[in-house]
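In: Give me a model of this one.
(one chain, ligands or ions: 2)
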Amino acid sequence: MLNKINSNVEKLNKSATLKITALTKKMVSQGKDVVNFAAGEPDFDTPDFIKQAAKIAIDKGFTKYTPSAGLPALREAIAKKLNDENGMNVSAANIIVTAGAKYAIYVGLLTVVEPGDEIIVPVPYWVSYPEMAALLGARMVNVATRQEDGFKLKPSELAKAVTSKTRVLILNYPSNPTGVTYTKEELEEILKIAKKNNFYVLSDEIYEKLIYDGSDHVSFASLPGAQDLTITVNGFSKAFSMTGWRLGYLVANDEFIGHASKIIDHTTSCSCTISQHAAIAALADITWQAQIQKEFQNRRDLLYKGLSGIKNFKPMKSNGTFYMFCDVSGTGLSSFDFASRLLEEKLVSCIPADSFGADGFVRLSFATSSDQINKGIIRIKEFVESL
Ligand code: PMP
Ligand code: GLU
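Out: Residues are numbered from 1 along each chain as shown. Ligands and ions are numbered 1, 2, ... in the order given. All right, here's what the predicted structure looks like:
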């Protein structure tokens with residue numbers, strides 16, 4: 001018999017996004033003609049100039065540990081990017097390079113949250129936030145958002161959720177799964193509440209480059225007076241199609257970074273050295289990003305147009321990310337039943353939004369080709385009309 005399992009771990013749920021994505025990839029490898037609307041990663045290959053930098057790093061023997069917070073040259077390149085593109089005022093000392101943005105979030109929370117503390121999260125949320133909160137023994141406080149408000153967190157609702165135990169608000173924009181993003185004015189309202197009540201804002205900006213219709217991405221830490229209480233998370237997975245390279249970063253005030261880097265010392269030691277060298281090359285040439293941003297916007301338009309007009313199926317035109325949040329409550333099926341039956345009956349995979357805390361919706365990813373999008377639209381239409 002096994003010894004006792006940590007009860008926080010025992011209660012943890014598997015990641016629905018990773019599980020369904022893996023199942024879809026398996027079905028495709030078995031030769032099944034599945035349309036993959038589940039994918040949480042860009043379908044483009046990592047650009048060649050980034051791969052070349054990794055090959056050179058291996059050949060030059062850069063195959064040993066780096067300092068735990070990351071290569072100084074990479075931290076400097078990230079600081080330059082944040083100052084030039086995101087209007088921040090940071091140096092390499094404010095940055096820790098991590099094994100993926102997911103780990104940056106976990107380290108960020110672990111640095112400030114103690115068991116019993118409260119973490120505020122707007123619903124719908126990305127699947128891993130509640131599980132990380134549970135792992136830390138923290139209490140996750142869900143704040144509902146409404147479809148008619150475009151699923152944006154309302155400052156008045158946020159203010160109501162704050163207590164003396166609130167330590168962090170997790171804000172993710174553009175949002176996975178809804179694609180919603182925030183204006184500077186909206187973020188300033190949230191900042192006022194954070195300052196007044198002295199809690200951190202963990203701003204997960206991993207989809208910052210995937211933003212459409214000429215909207216701007218405003219980094220939370222760039223707001224006047226926000227830098228000291230903001231923990232910014234970003235990475236290379238989505239912006240450079242580098243999901244498998246596992247590289248993200250955490251940006252915060254010096255004191256915070258000093259403590260957080262101790263967690264890296266004793267957990268991962270550092271992130272992959274070869275990936276770090278590749279990331280330096282990635283940041284030196286961002287022309288590729290503009291091309292994929294344009295391609296994603298075209299695909300979003302194609303998917304939105306194709307799905308509009310299907311009775312009982314309501315897509316939301318996302319402002320960012322490569323996800324489209326769709327209301328399926330009119331079909332009478334739960335999110336889970338809708339997604340399971342769509343996969344079984346029509347070979348289209350998507351993520352049921354109960355895993356994002358929002359039953360009655362599904363998340364479709366348009367990180368796939370236009371041909372696949374067109375095929376998927378026909379199948380969804382046939383499926384919904386057959387119900
Ligand atoms: N935040 C959000 C909202 C995400 O969707 C993802 C997707 N993987 C991540 C963080 C983590 O990205 P990664 O660990 O691949 O850098
Ligand atoms: N973030 C992506 C998604 O939501 C990738 C999978 C994951 O890391 O959860 O699908």
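
In: State which one residue of the stretch 51-200 of the chain is found closest to ligand 2.
Out: The minimum distance from the stretch 51-200 of the chain to ligand 2, using Cβ to the nearest ligand atom, falls at N176 (5.1 Å). Quick note: C-beta positions are derived from backbone N, CA and C, even for glycine.

In: three-state assignment of that residue?
Out: What DSSP: H, G, I helix; E, B strand; the rest coil gives for N176 is coil.

In: Over to A69?
Out: coil.

In: Run through the protein and note the low-pLDDT ranges.
Out: Counting by pLDDT under 70, the chain has low-confidence residues at 1-2.

In: Not counting its neighbours along the chain, what's nearest the residue of the stretch 51-200 of the chain closest to ligand 2?
Out: Distances taken as Cβ to Cβ, 6 or more residues apart in numbering put W126 closest to N176, at 4.7 Å, once the chain neighbours are dropped.

In: Same question for G360.
Out: S329 (3.6 Å).

In: Verify the contact between that neighbour and A358 for me.
Out: No: when contacts are counted by Cβ atoms under 8 Å, S329 is not listed as touching A358 (10.0 Å).

In: Got phi/psi on the residue in the chain positioned nearest to ligand 2?
Out: In the chain, the residue found nearest to ligand 2 is G40; the distance is 1.9 Å by Cβ to the nearest ligand atom. Phi and psi for G40, reported as degrees, to the nearest 10, are phi -100, psi 30.

In: Near it, how many residues? Count them for me, please.
Out: Residues contacting G40 under the criterion other Cβ atoms under 10 Å number 23.

In: Check S308 too.
Out: For S308, the count of nearby residues is 11 (other Cβ under 10 Å).

In: still on that earlier bit, give me the neighbour count for the residue of the stretch 51-200 of the chain closest to ligand 2.
Out: Neighbour count for N176, taken as other Cβ under 10 Å: 27.

In: before we move on, what about the one 5 residues further on?
Out: As a burial measure, the neighbour count of T181 was computed by other Cβ under 10 Å and equals 27.

In: where does it land in three-state SS?
Out: Classified using three-state DSSP, T181 is coil.

In: The closest residue to G357 other than its chain neighbours: what's it in contact with?
Out: Spatially, and ignoring its direct neighbours in sequence, G357 is nearest to V123 (4.2 Å; Cβ to Cβ, 6+ apart). Each residue near V123 by Cβ atoms under 8 Å, 6 or more residues apart in numbering is listed here: 142-145, 356-358.

In: Just the buried subset of the residues you listed, please.
Out: Neighbour counting by 16 or more other Cβ atoms under 10 Å classes 142-143, 145, 356-358 among the contacts of V123 as buried.

In: in terms of contact, does N312 touch S386 like I think?
Out: No: using Cβ under 8 Å, N312 makes no contact with S386, being 11.6 Å away.

In: More neighbours: which of these two?
Out: N312 (14 against 9).
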